[in-house]
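1. Next input, structure requested:
(4 chains)
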Protein chains: 2
Amino acid sequence: MKVFWQKGFEATSLDDLTKAMGLSRSSFYSAFGCKQSLFLQALEHYSRNGIRNLRQVADTAKDDAVDAMMQALSDPKGGPQGCMLINCITELAPHDEKVAQIGRRHLESIEETFAKAIDPQHPESVRDKASAYSSLAIGTLALRKAGMPAERIANTLKQAKTILSS
Amino acid sequence: MKVFWQKGFEATSLDDLTKAMGLSRSSFYSAFGCKQSLFLQALEHYSRNGIRNLRQVADTAKDDAVDAMMQALSDPKGGPQGCMLINCITELAPHDEKVAQIGRRHLESIEETFAKAIDPQHPESVRDKASAYSSLAIGTLALRKAGMPAERIANTLKQAKTILSS
DNA sequence: CCAATTATGGACTAATCAGTCCAAAAAATT
DNA sequence: AATTTTTTGGACTGATTAGTCCATAATTGG
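-> Next up, the predicted model:
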């Protein structure tokens, strides 16, 4: 998963994978069938893990859950590689419906988590607002990847949060 | 440019390029030197063209320039491929400073255009708000690529615009 | 109309790719 | 301990990659 996260699908070679896993080629193919299969499993794993973490972030910082979520999404672990799912959607979703499907489910889970953080009683009524927060956090990932100063990204989020929460 | 836009840098082969350009390999290399060089030129061309179009959109729809810009950015020409620059930032910026630089300049131009559309007199004072609009529009590109229903994306933008403009 | 320059097609190289295959080693079973 | 099953290393295939090179063809200049 980490290798795919770092390099994307196409740029990751079988040698990269077997070396990272400490597996021989035969073992790799007997265990996973093909490169795509392992990739999809890695992507699902990343998604499950990411959503679980996000919910935990929201639960822990109960008083300002939206802010904490924005922070977590906008500045994910994994260094400059951003969010693996956004990377993979960008690279593959137009050509690969399976990736697109995992991507949609992931994005919907993020939106749902936002909605519950905004209004735990009536999450459905704030769906579009949750979607706006979600898109905003995802958008800042591109800024960060391009090397925009972290301070400006923080200002953007602060400003957006001030307005969106009013 | 169109081929790189559609397939990304790594997934585009020399055969793809020479076929699309109607050029032989020798002519290609004598004209452009290497694949990277053509790619950077294509990226610069896309950026110039995109910013010019965006300014024109803002100028044409003078009364509701921000809305028109959001529409144009969120649903770019080129079918499901989204914005070439966001694609390339996602794929390459962490490993390629030249791409990151073009990306930063492009993103800053978008923000500047937003700022002038929001407040032509004092664009500097609405920089963070412009950045928020910008990030939001970029974020929705990922939703679209993942195949989210266009209606929901439209609702997201509408909601965000209503709140952000208040 | 001829000579010098430039452009072109396509064969070629060396590297890398995903995936296969089998003999040898390791593990499990009797 | 002997035999069967499973796992493993690594050589191998055929396809594809970016980039080179040169003999031929087209264009240009005189």
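
2. CA atoms for contacts and neighbours, from now on please.
-> OK.

3. Chain neighbours aside, what residue packs nearest to A:Leu85?
-> Nearest residue to A:Leu85 in three dimensions, chain neighbours excluded: A:Gly103, at 6.4 Å (Cα to Cα, 6 or more residues apart in numbering or on different chains).

4. Which strands or helices does the strand or helix carrying the one you found pack on?
-> If you go by DSSP states H and E, A:Gly103 is part of helix A:97-118. Under the contact definition 3 or more Cα pairs under 8 Å, 6 or more residues apart in numbering or on different chains; DSSP states H and E, helix A:97-118 sits against helix A:35-60, helix A:65-74, helix A:84-92, helix A:127-145, helix B:127-145.

5. The ones you listed: which one's closest to DNA strand D?
-> Counting by Cα to the nearest atom of the strand, DNA strand D lies closest to helix A:35-60 out of these; the figure is 13.8 Å.

6. My read is that the residue nearest to A:Leu85 contacts B:Arg144, right?
-> No. Using Cα atoms under 8 Å, A:Gly103 is not in contact with B:Arg144, being 10.6 Å away.

7. Could you give me the buried positions within the helix holding A:Gly103?
-> Neighbour counts over helix A:97-118 (16 or more other Cα atoms under 10 Å in any protein chain shown) mark A:99-104, A:106-118 as buried.

8. show me what contacts the residue of chain A found nearest DNA strand D?
-> Residue nearest to DNA strand D within chain A (Cα to the nearest atom of the strand): A:Ser24, separated by 3.6 Å. Contacts for A:Ser24 (Cα atoms under 8 Å, 6 or more residues apart in numbering or on different chains) come out as A:Thr18.

9. One more: A:Asp119?
-> So A:Asp119 contacts A:Val126 (Cα under 8 Å, 6+ apart).

10. phi, psi of it?
-> Main-chain dihedrals, A:Asp119, degrees, to the nearest 10: phi -140, psi 90.

11. quick one on the thing from earlier: can you tell me which of the helices and strands packed on helix A:97-118 is nearest to B:Ala31?
-> Proximity to B:Ala31 (Cα to Cα) singles out helix A:84-92 among the helices and strands packed on helix A:97-118, at 28.8 Å.

12. what angle separates the closest one from helix A:127-145?
-> 80 degrees (axes from the mean of the first three to the mean of the last three Cα atoms, to 10 degrees).

13. near DNA strand D, which residues of chain A?
-> Contact residues, chain A versus DNA strand D (Cα under 7 Å from any atom of the strand): A:23-27, A:30.

14. what do you get if the cut-off is 10 Å, keeping everything else the same?
-> Selection of chain A residues close to DNA strand D by Cα under 10 Å from any atom of the strand yields A:18-19, A:22-31.

15. How about residues contacting the helix holding A:Gly103?
-> For helix A:97-118, contacts defined as Cα under 8 Å, 6+ apart pick out A:40, A:43-44, A:47, A:51, A:54-55, A:58, A:65-66, A:69, A:85-86, A:88-89, A:92-94, A:122-124, A:126-127, A:129-131, A:133-134, B:143, B:145-148.
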